[in-house]
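Engineer: here is a sequence together with a model predicted from it:
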Amino acid sequence: MGRLFVAAVLLFVAGCSGGESAVPGGSKLDALLAKAPVHSGEVTPGSAVDRIRKRGKLLIGGSQDAPLLSQLDPISGELTGFDAYLGKLLAHYILGKPQTELVSATSETREPLLGNGTVDVIIQTYTITPQRAERVAFAGPYYRSGQAIAVRKGTSGITGPADLTGKTVVVGANTPGVKAVREAAPTAKIVEFGSDPECVTALKQGRGEAYVQDQAILVADASKDPELQLVGEPFTEDPYGIGIEHGDAEFTRFVNDWLREIGESGLWQEVWKLSIGTVVTGDAPAPPAIAS
């Protein structure tokens, strides 16, 4: 759905900017919650679920500035979007209520936040890779995207990954974009920055000729910034996972069971329709198969 997804998002943002319908409202979350499951099984004392229940809220590492994924509604003060709704539904599954707290995370801080217990989960376009799986556990995948290319609007000569050869390319540190550029254009000079906003700023300042990042993130960037332009289609396939503390197999199974349940019941598809599906026509795709 790459090109259609990008075009539809940009049309959506241009057409709805500032209007009430620009950001889905809380009533849509209420509709999801009315159909959402609540875990009724046994809970192991001292487990992650036990700790979350005693705390009374789910601590989520993520962002609040990604349209359609996790964006703060300035009117309601609620987070909306695909990742945000999934976080609320997971909290509802654990607690019987959608009580969450968002902790701002970047590509460089996600693993430390999980490792030191600051957050219970990361739900933030977190691509599952073998290297990351050595440091964190992943539930899912819950969505599939891919690496894509953004340039400054008006840039010529870059239409696909092969055109990155010999160019200076901006990528997020510790992201799959580094490996993707090395494989697609081995002679490209890679410059890394810690966060997506830093990468966008670097591109606009001319510190690189292109920016390679997950398509969903670049779509969000381009929807907010008319100086950016996406070129070509995603040239990798990246599965998003829910990050969990490394070694916590019990909580990973718990979250995977929940993902299977909302996939089989059709709730995952409803989340898609109320977020990404507001700009992409057609039926919701099937959710990705859960790894284990």
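Structural biologist: Okay, I see it. Numbering: from 1, shown residues only.
Engineer: residue 44: neighbour count?
Structural biologist: 11 (other Cβ atoms under 10 Å). Just so you know, the C-beta spots here come from the backbone N, C-alpha and C atoms, and that holds for glycine as well.
Engineer: that one and residue 51, how far apart?
Structural biologist: Distance, residue 44 to residue 51, using Cβ to Cβ, to the nearest Å: 11 Å.
Engineer: and for residue 57?
Structural biologist: 11 Å.
Engineer: about what we covered before: please enumerate the shared neighbours of residue 44 and residue 51.
Structural biologist: Residues touching both residue 44 and residue 51 by Cβ atoms under 8 Å, 6 or more residues apart in numbering: none at all.
Engineer: can you give me how far stretch 214-231 is from the chain middle?
Structural biologist: 14 Å (Cα atoms, centre = their mean, to the nearest Å).
Engineer: also stretch 161-169?
Structural biologist: On Cα atoms, centre = their mean, the centre of stretch 161-169 falls 25 Å from the chain's centre.
Engineer: and for it, what are the contacting residues?
Structural biologist: With Cβ under 8 Å, 6+ apart, stretch 161-169 has contacts from 149, 157-158, 180-181, 184-191, 207-212, 232, 235.
Engineer: and the residue nearest the centre of this protein?
Structural biologist: Centrality entry for the chain: nearest residue to the mean C-alpha point is residue 125, 2.3 Å, by Cα atoms, centre = their mean.
Engineer: isn't residue 120 up against residue 53?
Structural biologist: No: using Cβ atoms under 8 Å, residue 120 makes no contact with residue 53, being 11.1 Å away.
Engineer: any common contacting residues for the two?
Structural biologist: Common neighbours of residue 120 and residue 53 (Cβ under 8 Å, 6+ apart) do not exist.
Engineer: more crowded one of those two?
Structural biologist: residue 120 (30 against 16).
Engineer: contacts only, for that one.
Structural biologist: 48, 51, 52, 58, 59, 60, 244.
Engineer: ok, now how distant is residue 112 from residue 32?
Structural biologist: 31 Å.
Engineer: residue 231 too?
Structural biologist: In this view, residue 231 and residue 32 are 35 Å apart by Cβ to Cβ.
Engineer: do the same with residue 248
Structural biologist: For residue 248 relative to residue 32 (Cβ to Cβ), the value is 26 Å.
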